[in-house]
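A.B. asks: Pasting a predicted model and its sequence here:
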Amino acid sequence: MRGATLGLALVASSFVFAAVPPNLVVENVPEFPPPLVEKIQPYLSVRFAFIHGWNPVRPEMLIETRFGETAQLHIVKMPGGARRQITFFADAINEGSFRPRDPNTVVLSHDVGGDEFYQIYRYDLTSSDMTLLTDGKSRNTGMIWSRDGKWLAFSTTRRNGNDTDIWIVDPSDPKSARMAMKVEGGGWVATDFSKDNARMLVTNEVSANESYLYLVDVATGAATLLTPKRAVPVYYSSASFSADDRDIYFTSDEGSEFQQLVRMHLDDRSKQVISREAWDIEEWAPSEDRGRVSYTTNENGVSVLHVIDANGKELLRPRVPQGVMSDLRWHPNGQLIGFNLSSARSPRDVYSIDTTTGALQRWTESETGGLNPERNVEPQLVTMKSFDGTQISAFVYRPDPAKFPGRRPAIVTIHGGPEGQSRPDFLGRNNYWINELGIALIYPNVRGSTGYGKTFLAMDNGYKREDTVKDIGTVINWIKSDPALDGSRIGIYGGSYGGYMTLATATHYNDQIRAAIDVVGISNFVTFLTNTSGYRRDLRRVEYGDERDPKMAAFLQQISPLTSASKIKKPLFVVAGFNDPRVPWTEGQQMVQTVRANGAPVWWLMAKDEGHGFDKRTNQDFQFMAMVMFWQQYLLQ
């Protein structure tokens with residue numbers, strides 16, 4: 001055993017953990033054997049890339065990738081071109097974009113130590129000057145530009161630490177920053193400016209099922225509600241003005257199970273659905289002239305790209321390799337659409353589509369640690385009926401039977417959110433568990449997941465919370481019924497809300513699992529809601545229930561894993577970040593203390609310089625190495 005001291009040694013071009021990195025608190029994690037470290041090293045060296053935007057006057061991209069400890073901004077001048085790093089912060093970049101019409105100015109944000117109190121900066125590419133645009137202490141998110149680049153709008157907790165007021169600033173003059181809309185609540189974000197900068201569109205998210213659109217006078221802050229409250233909650237998102245500002249476009253599930261693209265005429269508020277998809281439109285973006293729209297549908301987790309005109313007529317359905325797309329970005333030239341794309345055999349990289357020719361180009365080709373990504377297995381989509389007849393699904397990654405004969409152990413990996421979704425994405429480091437340890441990975445989408453309609457999304461709310469845990473019980477039974485899987489060797493793993501699900505599964509199905517890993521998960525809903533950051537507390541109350549109501553408080557206490565932690569007798573590994581503003585690290589600590597009292601083996605890993613999940617490579621590498629050791633000791637043996 002060892003304590004939290006010392007650092008990393010670099011030996012033979014590989015990270016070999018001679019001792020614990022200094023910012024980690026580690027309990028009960030054994031030493032890492034050097035041969036194992038060497039074997040895992042290539043999997044730790046996989047990179048990813050993300051698009052942040054285009055240079056406004058040239059076909060050059062602003063992307064994010066990581067060469068050192070954290071992900072930073074880079075410029076790429078052509079498809080397959082060199083990645084030139086332009087930021088060098090100790091912490092990862094959160095947002096970044098070129099100023100419209102100005103190829104020499106980038107605005108970006110980052111936090112410190114994972115605290116998510118993001119500060120916004122102007123970076124001059126010519127002089128290399130970095131200028132702070134925010135107050136240095138509040139949380140600032142949701143940056144959007146006016147079309148002429150004069151104003152930047154953002155949400156900020158500057159006034160009282162909780163409410164996310166809308167502010168605007170001319171980045172050339174930090175002193176110009178002012179409040180444009182005073183609000184109550186933590187779910188407010190600006191989404192677009194009118195062409196004359198006189199009005200803004202603002203969204204207030206109440207929950208994953210309910211939100212509202214407002215038209216705001218930028219000069220006075222007066223807000224007009226565009227989407228009145230309805231008996232059945234409606235979720236509106238991503239609103240933008242039309243070219244002439246007479247209409248607005250947004251996605252909505254009003255009258256539909258799925259998010260569709262809608263046009264509203266501002267003069268009479270009449271609406272027209274201009275897409276009729278059998279799946280959610282998960283993301284859309286207008287061209288700069290607002291004459292065309294690109295959007296992606298989420299079809300059983302796979303992205304499909306569409307290009308239409310402003311009236312909904314399909315212009316192009318580009319051929320894109322099957323995978324998961326994100327962050328659609330039109331170049332101002334109206335010809336190129338940039339985006340991220342990931343699949344089981346390709347890490348998330350940046351691509352573009354030429355809408356005039358349909359040509360696909362790859363702008364980044366992220367390294368995979370020298371590993372051949374074609375070795376990675378493609379997932380199998382399986383469906384199953386849960387306890388009440390509800391159909392749920394899962395993506396199953398099976399190890400090579402020729403290399404690993406016999407029935408294989410399985411890890412159920414549960415997504416966060418709860419309104420998240422497991423998708424056929426690149427698994428990164430987790431491919432080690434499949435390719436080198438012969439473990440099958442099961443990624444379920446239980447009720448409450450996005451992508452399957454708003455009814456399915458709401459099926460876990462409030463008093464229905466534990467129905468999702470019963471869904472995991474269905475997955476466990478499916479594993480036991482599969483002749484290629486070993487139902488006596490099942491591990492459970494999840495982060496954030498998936499961490500809660502991991503702990504809850506460990507209490508409900510202790511006798512049916514071998515071990516569990518909880519990463520930044522909720523252990524007690526009452527203490528979580530009491531201690532989570534104020535700007536997000538009300539949003540979480542809508543999802544989980546309001547602990548101020550005695551009846552709901554009693555229910556939340558009853559279903560909290562901590563209440564039933566005496567049932568956990570199997571090995572548990574808990575990971576937390578000291579600066580976590582969402583799920584305080586004490587949620588993990590109190591679970592560790594309680595389960596240890598049961599006599600169960602418990603490992604504990606807490607990073608003093610991280611928040612809701614680890615961002616820094618040194619910490620990520622140590623966490624993954626520890627998880628490999630944990631599965632080897634408690635799942636494989």
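C.D. replies: On my side now, so go ahead.
A.B. asks: now residue 312, nearest residue through space, not along the chain?
C.D. replies: The spatial neighbour of residue 312 that comes closest, neighbours along the chain excluded (C-beta to C-beta, 6 or more residues apart in numbering), is residue 274 at 3.2 Å. Backbone N, C-alpha and C define where each C-beta goes, glycine included.
A.B. asks: What residues sit buried inside the lengthiest strand in the chain?
C.D. replies: Counting residues, the longest strand in the chain under DSSP state E turns out to be strand 485-495. Going by neighbour count (16 or more other C-beta atoms under 10 Å), the buried part of strand 485-495 is 485, 486, 487, 489, 490, 491, 492, 493, 494, 495.
A.B. asks: mind listing what the residue lying closest to the fifth one once chain neighbours are set aside touches?
C.D. replies: Counting by C-beta to C-beta, 6+ apart, residue 490 lies nearest to residue 513, which is 4.9 Å off, once chain neighbours are set aside. With contact taken as C-beta atoms under 8 Å, 6 or more residues apart in numbering, residue 513 is in contact with 476, 490, 491, 492, 505, 506, 570.
A.B. asks: Kindly report the same for residue 363.
C.D. replies: For residue 363, the set of contacting residues under the criterion of C-beta under 8 Å, 6+ apart consists of 49, 51, 61, 63, 76, 78-81, 338, 349-352.
A.B. asks: any idea how far residue 38 lies from residue 625?
C.D. replies: Distance of residue 38 to residue 625, computed by C-beta to C-beta, to the nearest Å: 11 Å.
A.B. asks: Look at these two and report which has more neighbours.
C.D. replies: With other C-beta atoms under 10 Å as the criterion, residue 38 and residue 625 differ in neighbour count, and residue 625 comes out ahead with 20 against 14.
A.B. asks: how near is that one to residue 428?
C.D. replies: 14 Å.
A.B. asks: Low-confidence regions, the stretch 1-150 of the chain specifically.
C.D. replies: When the per-residue scores of the stretch 1-150 of the chain are filtered using pLDDT under 70, the ranges that remain are 1-18.
A.B. asks: can you map out the strands along the stretch 501-637 of the chain?
C.D. replies: Counting by DSSP state E, counting those that start in this stretch, the stretch 501-637 of the chain forms strands over residues 515-519, 572-577, 602-607, given from the N-terminal end onward.
A.B. asks: Need the contact partners of the last one.
C.D. replies: This points to strand 602-607. Strand 602-607 is touched from outside by 23-29, 114, 571-578, 585, 588-589, 592, 595-596, 614, 616, 619, 622-623, 626, 630, with contacts defined as C-beta under 8 Å, 6+ apart.
A.B. asks: Can you list the buried residues in it?
C.D. replies: When neighbours are counted by 16+ other C-beta under 10 Å, the buried residues of strand 602-607 are found to be 602, 603, 604, 605, 606, 607.
A.B. asks: and residue 166, how many residues sit next to it?
C.D. replies: 25.
A.B. asks: tell me the contacts of the residue nearest to residue 312?
C.D. replies: When contacts are taken as C-beta under 8 Å, 6+ apart, residue 274 is in contact with 249, 261, 262, 263, 308, 311, 312.
A.B. asks: What of residue 148?
C.D. replies: Applying C-beta under 8 Å, 6+ apart, the residues contacting residue 148 are 100, 101, 197.
A.B. asks: Going by neighbour count, which of these comes out on top?
C.D. replies: residue 100 (17 neighbours).
A.B. asks: now that residue: how far from residue 150?
C.D. replies: According to C-beta to C-beta, residue 100 stands 9 Å off from residue 150.
A.B. asks: same deal with residue 22?
C.D. replies: The spacing between residue 22 and residue 150, counted by C-beta to C-beta, is 46 Å.
A.B. asks: Closest one of the contacts of residue 148 to residue 555?
C.D. replies: Relative to residue 555, the closest of those is residue 197; by C-beta to C-beta it sits at 48.2 Å.
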